[in-house]
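Q: Fold the following and give me the result.
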Amino acid sequence: MKILLSVIGVAAMTTLMAAQSTKTYVARLSPVPITADQQATVSGSGTATATLTGRRLTIDGKFSGLRTPATVARLHLAPRAARGEAFADLKVSTGTSGNSGTMTGAIDLTPQQVQALEKTSVYIQLHSEKAPEGNLWGWLLPQEAKK
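A: This next block holds a predicted model:
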């Protein structure tokens with residue numbers, strides 16, 4: 001009986017671990033499309049790594065080169081090159097100037113949001129004081145396997 005329970009326990013753990021597989025996504029953040037009058041306020045670059053375990057998405061990113069201090073960072077839903085609705089906030093931490101820093105967060109995604117992530121339809125958008133409609137953005141793309 002103990003052997004049977006052990007086998008069942010191992011099988012359950014294996015199933016749980018398979019269901020909790022980890023996928024990694026990366027984003028390169030660059031200025032949002034701008035008009036000539038926005039050139040004085042929109043600049044910078046950044047990177048982010050996101051790890052999906054089950055439905056839990058954990059994000060770590062950094063940015064620099066903003067012309068004005070960062071205010072908020074959010075996750076949005078939309079296909080690449082299109083703007084979409086925000087669905088989650090990330091924590092923004094900056095240095096004394098506010099023009100560089102980090103963004104972090106951990107979000108439990110809905111099944112629909114997981115599906116959008118798998119279809120590369122989730123992006124990060126970072127806002128700054130003089131660019132409240134967005135300063136940097138980047139889509140979360142599956143990390144390529146290293147050879």
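
Q: show me where pLDDT drops low in the chain?
A: Where the chain drops to pLDDT under 70, the residues are 1-20, 145-147.

Q: same thing but at 90, please
A: Of all residues in the chain, those with pLDDT under 90 make up the ranges 1-21, 32-41, 81, 95-98, 131-134, 144-147.

Q: Leaving out the residues flanking it, which one is nearest to G84?
A: Nearest residue to G84, sequence neighbours excluded (CB to CB, 6 or more residues apart in numbering): A78, at 2.5 Å. All C-beta atoms are positioned from the backbone trio N, CA, C, and that covers glycine.

Q: And for R80?
A: That would be W139: by CB to CB, 6+ apart, it lies 5.2 Å from R80.

Q: for P132, same thing?
A: Leaving aside its sequence neighbours, P132 sits nearest to T71 (CB to CB, 6+ apart; 7.1 Å).

Q: partner strands of whatever helix or strand that neighbour lives in, parallel or antiparallel?
A: Assessed by DSSP states H and E, T71 sits inside strand 70-77. Paired strands of strand 70-77, with direction, are strand 85-94 (antiparallel), strand 122-128 (antiparallel) (DSSP bridges).
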